[in-house]
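>>> with the sequence up front, the predicted model follows.
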Amino acid sequence: MVFTGYVRDVPAVLAALDVIVCASHEEGFGLAVVEAIAAGVPVVSTRCGGPDDVIEHGLTGLLVPVDDPLRLANVVERLLAVASRLGSPIVPERPGGRG
């Protein structure tokens with residue numbers, strides 16, 4: 001986990017991520033989730049509001065219940081394990097057919 005504070009080069013930071021996790025109880029629009037999807041970074045989020053409107057479960061990200069941290073952890077762990085077995089990062093199919 002990295003807390004960077006303000007960064008100017010968001011695409012460079014996103015490119016370095018294996019997965020982005022939004023573990024909020026309540027979230028508005030969720031700009032970080034949208035930016036991650038646009039950058040092709042796998043997204044795991046709780047069903048906390050805004051991300052529900054942006055993520056198409058199983059296509060542009062994965063959604064889990066808000067009050068289930070064990071399930072959230074298991075989903076992230078599975079994503080990372082699959083990436084490790086494949087020897088490459090997991091990149092979800094992007095909307096519009098761009099893989």
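Yep, it's here.

>>> contact partners of the longest helix seen in the chain?
Secondary structure of the chain per DSSP state H: the longest helix is helix 69-86. Contact partners of helix 69-86, identified using Cβ atoms under 8 Å, 6 or more residues apart in numbering, comprise Asp18, Val19, Val21, Ala23, Pro42, Val44, Thr46, Leu62, Val64, Pro65, Pro89, Ile90. Yep, even glycine has a C-beta here, placed from its N, CA and C like the rest.

>>> go through the residues you listed and flag which are in strands.
Assigned to strands by DSSP state E, the following of the contacts of helix 69-86 qualify: Val21, Val44, Thr46, Leu62, Val64.

>>> does the first one touch Ser45 like I think?
Yes. Taking contacts as Cβ atoms under 8 Å, Val21 lies within contact range of Ser45: 7.2 Å.

>>> most widely separated two among the contacts of helix 69-86?
The span of the contacts of helix 69-86, defined through Cβ to Cβ, is set by Pro65 and Pro89 at 25.9 Å.

>>> the more surrounded of the two?
Neighbours were counted for Pro65 and for Pro89 using other Cβ atoms under 10 Å; Pro89 has more, 17 against 11.

>>> per-residue pLDDT of that one, please?
At Pro89, the model reports a pLDDT of 56.

>>> try Ala32
Taking Ala32 on its own, its pLDDT is 91.

>>> what do you get for the one 10 residues further on?
What the model reports as pLDDT for Pro42 is 90.

>>> residue closest to the middle of this protein?
The centroid of the chain falls nearest to Val43 when counting by Cα atoms, centre = their mean (1.4 Å).

>>> identify the bridge partners of it.
On the basis of DSSP bridges, Val43 is bridged to Ile20.

>>> verify the stated contact: it with Cys22.
Yes. Taking Cβ under 8 Å as the definition, Val43 is a contact partner of Cys22 at 7.1 Å.

>>> would you mind listing the residues touching both of those two?
Residues touching both Val43 and Cys22 by Cβ under 8 Å, 6+ apart: Val33, Pro51.
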